[in-house]
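Undergrad: sharing a model prediction with you, sequence too.
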Amino acid sequence: MALSRWRGFGQLALSLLAAKVLLAENPAASRMPTWQDEIAKGLQPYHQLTVEDFPIDDKAHPESSYWIKPFIDPRWHYIYMSKDGWIYAYVDQWLIFSGLDRNESSRKSKFKEMERALAHAQAYLDLNEIFARQLAALKPGELPSARGATPEEAGKILQQNLKAFLEQKYKTLYAEAAEFQKVTNHGANRKKVVELGKALRKRLDALPPIGPPSDSAVTVTPSAAPQSTASPAKSRGLQPPG
């Protein structure tokens with residue numbers, strides 16, 4: 001049986017503690033994104049935090065001395081294949097962006113202990129990066145696929161399957177993040193912050209780093225197939241003590 005192929009795009013930008021994901025179509029999508037694209041949106045690759053990563057903003061999150069917003073942004077390219085009267089959608093390229101959302105990370109001008117608070121913020125960012133690296137290690141064959149009567153239907157089902165798949169993965173992340181906050185009393189227990197921070201760092205170092213991927217764009221041949229994307233709902237960040 002001969003196979004027919006179409007190409008399409010998807011993305012799912014899920015930030016830490018995101019509530020849900022909204023689906024939308026973007027027929028103009030023509031390539032995989034690059035770190036240049038992400039940085040232009042104020043998203044920074046994972047790194048060791050400094051005070052400068054937290055711009056002063058006295059209006060944002062008035063109840064907090066500082067606010068950190070990690071992110072995990074999975075992107076994928078998928079193809080359609082026709083067989084036995086069905087259209088199958090498969091992910092063939094998988095890319096993870098992760099790090100710090102500087103747009104939503106900030107500190108108060110009166111907060112003079114940001115340097116000391118970096119250990120808490122870094123541990124939280126490291127936890128986020130652990131899960132990002134685990135996602136990045138997934139091969140396309142480990143990701144959901146979909147079947148439909150038309151390319152449109154198969155693409156829609158693939159989006160739904162990937163959304164459910166990632167949300168299940170994030171449940172573990174959300175639970176561990178909540179436990180980290182509880183055990184450290186939102187960073188107030190500095191001894192526990194140091195202890196857990198070292199353990200998180202050990203786990204992180206055991207995983208291959210994602211690193212900023214090559215900024216050479218992956219060009220996709222346009223086709224009549226739908227090119228769908230997903231975008232995040234507004235999500236919460238980490239509320240530190242004070």
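TA: Looks like it arrived, so ask away.
Undergrad: report pLDDT for the residue positioned nearest the centre of the chain.
TA: Closest residue to the average C-alpha location of the chain: Ile72 at 1.4 Å, with CA atoms, centre = their mean. Looking at Ile72, its pLDDT is 94.
Undergrad: my guess is it contacts Leu95. True?
TA: No. If you go by CB atoms under 8 Å, Ile72 and Leu95 don't touch, sitting 11.7 Å apart. To be clear about C-beta, it is placed using only N, CA and C from the backbone, and glycine gets the same treatment.
Undergrad: if you count neighbours, what's buried in the lengthiest strand in the chain?
TA: Secondary structure of the chain per DSSP state E: the longest strand is strand 86-101. For strand 86-101, the neighbour count (16 or more other CB atoms under 10 Å) marks 87-91, 94-101 as buried.
Undergrad: in CSV: these, plus distance to Tyr124 and pLDDT.
TA: Output for the buried residues of strand 86-101, formatted as CSV (distance: CB to CB, whole Å; pLDDT from 0 to 100):
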residue, distance to Tyr124, pLDDT
Ile87, 42, 94
Tyr88, 40, 95
Ala89, 35, 94
Tyr90, 35, 93
Val91, 29, 93
Trp94, 25, 93
Leu95, 23, 93
Ile96, 18, 94
Phe97, 18, 94
Ser98, 13, 95
Gly99, 12, 95
Leu100, 10, 96
Asp101, 13, 95
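Undergrad: will you turn those residues into CSV that also has distance to Glu38?
TA: Formatted as CSV, the buried residues of strand 86-101 follow (distance: CB to CB, whole Å):
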residue, distance to Glu38
Ile87, 31
Tyr88, 30
Ala89, 25
Tyr90, 25
Val91, 20
Trp94, 16
Leu95, 11
Ile96, 11
Phe97, 5
Ser98, 10
Gly99, 8
Leu100, 11
Asp101, 10
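Undergrad: and these, which two are furthest apart?
TA: Ile87 and Leu100 (39.1 Å; CB to CB).
Undergrad: tell me the pLDDT at Arg31?
TA: Predicted confidence (pLDDT) for Arg31: 72.
Undergrad: and it, what are its bridge partners?
TA: Thr219 (DSSP bridges).
Undergrad: any figure for the gap between it and Tyr90?
TA: Remark: distance between Arg31 and Tyr90 (CB to CB, to the nearest Å) = 19 Å.
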